[in-house]
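Student: Following is a predicted model, sequence given first.
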Amino acid sequence: MPRISSDTLWELAAAEIHSREAEGGEENGGETVSERTVFLMGSKAGGKTSILLRCLDRDEPSKPTLALEYTFGRRARGHNTPKDIAHLWELGGGTSLSDLVQIPITPVSIRSLSVILILDLSKPNALWGTMEKLLQAAQAQLEKISSKEAQAKKTKPGAKHQTAVHSAGRVLPKDYPDRELVSPFPVPLLIIGSKYDVFQEFDSDKRKVVSKTLRFVAHYYAASLIFTSIKSESLMSKTKSFFTHLAFGLDRGKTMSCDATKPLIIPAGSDSFSQIGSPPTTDVDITSLHAKNPKDLWKKVYERVFPQENTSEQRELKDPAKDPQYSEPQIDAMRAQKDQELDQYKRNAAKSWKGLELET
């Protein structure tokens, strides 16, 4: 009788494919197909789909993402060579569906996983909350997988494990800036600030707060950071370089810009806390904020300038069927009618049961 496994069908299928590729590598002259996974998440209606389509050179209109969507990209390394594959997952709904991170982040995908966090620069009052909740959800799932793998190795030390989870997280080079002070995200992370065309019209002091804060967060997580706009061919070209670096391992270029008056373009490892400086605040004594750590201090300063929006609305919209962006008038009207009929049925059924109880 075959052993019952707790793995999902997706994990089992992916493991089988990886196994076949390893066996068939010599038959193909040593040329094996490289497979990577990129998980995109971020601000609701922040331009995730539009950016992804542009990075894939797909000329098609973007549509609101329904919960979690999958697509893929392929790229040949050269003439008559196998095409590398990028598995691309996109989480919709902003933070309301963050529980779904467990689908793209699996023991199999984690071996070649990268995360792209897209933040809407035109809505700074929702930026920190969105960033914090999504990164926490992804990191919790990554740590959960890492913990399970470590436990499995303890119980079966001689067994071969399919996954290659780095329980201690990413290992940074010895010369990485502030190596002892940063807290690397468990997998490569790219933070994209979208809608720069709107953001550049903001007051210069507010732009400075957002820019310096995101520089700090990116460096703290050992992540890359770029500001972009789908209305700028130049910025999208640079964004595509960062994307293809994660999806296909291509060179991301050497362009860099830390000037707060221009779009930020900062590859991981190119910044430092000394260059970023202290949180931009003049109207409050930093010591009075009682921050627990540097990241908490930056959060408190940021939220004094941009009070974060109430997330109660997001909790209410946990059910995508109630989300206005997915409205379908005819279907919604029929759904409302059926809901009323169901309520009436429940009331009638309750009366019937009460009648039976009285008779007995």
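Tutor: Perfect, I can see it now. Residues are numbered from 1 along each chain as shown.
Student: mind saving the C-alpha coords of stretch 184-196 as PDB?
Tutor: Presented in PDB, the C-alpha positions along stretch 184-196 are these (Å, rounded to 0.1, in the frame of the first residue of the first chain):
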ATOM      1  CA  PRO A 184      17.600  39.800   5.400                       C
ATOM      2  CA  PHE A 185      14.300  38.600   4.000                       C
ATOM      3  CA  PRO A 186      14.400  34.800   3.800                       C
ATOM      4  CA  VAL A 187      14.300  34.900  -0.100                       C
ATOM      5  CA  PRO A 188      15.400  37.600  -2.600                       C
ATOM      6  CA  LEU A 189      13.000  40.600  -2.300                       C
ATOM      7  CA  LEU A 190      12.300  43.500  -4.700                       C
ATOM      8  CA  ILE A 191      10.300  46.500  -3.600                       C
ATOM      9  CA  ILE A 192       8.600  48.400  -6.400                       C
ATOM     10  CA  GLY A 193       7.100  51.900  -5.700                       C
ATOM     11  CA  SER A 194       4.400  52.200  -8.400                       C
ATOM     12  CA  LYS A 195       2.600  55.300  -9.800                       C
ATOM     13  CA  TYR A 196       5.600  57.500  -9.600                       C
END
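Student: Could you list the low-pLDDT ranges of the stretch 1-150 of the chain?
Tutor: Filtered on pLDDT under 70, the stretch 1-150 of the chain yields the residue ranges 1-8, 10-11, 13-31.
Student: in the protein, which residue is closest to the centre?
Tutor: Met41 (3.3 Å; CA atoms, centre = their mean).
Student: For it, which residues are in contact?
Tutor: Taking CB atoms under 8 Å, 6 or more residues apart in numbering, we find Met41 in contact with 48, 90-91, 98, 101, 115-118, 134, 138. From N, CA and C alone the C-beta is placed, and that goes for glycine too.
Student: Identify the residues contacting the helix or strand containing Leu235?
Tutor: Taking DSSP states H and E as the definition, Leu235 sits inside helix 233-248. With contact meaning CB under 8 Å, 6+ apart, helix 233-248 is reached by 34, 36, 38, 51, 54-55, 73, 75, 84, 86, 88, 114, 116, 188, 190, 192, 196, 224, 226-230, 250-253, 255, 263, 265, 267.
Student: make it 6 Å
Tutor: 36, 38, 54-55, 75, 84, 86, 114, 190, 224, 226, 228-229, 250, 252-253, 255, 263, 265 (CB atoms under 6 Å, 6 or more residues apart in numbering).
Student: got it, and stretch 206-214?
Tutor: Contacts of stretch 206-214 (CB under 6 Å, 6+ apart): 124, 225, 260, 264, 280, 298, 302, 305.
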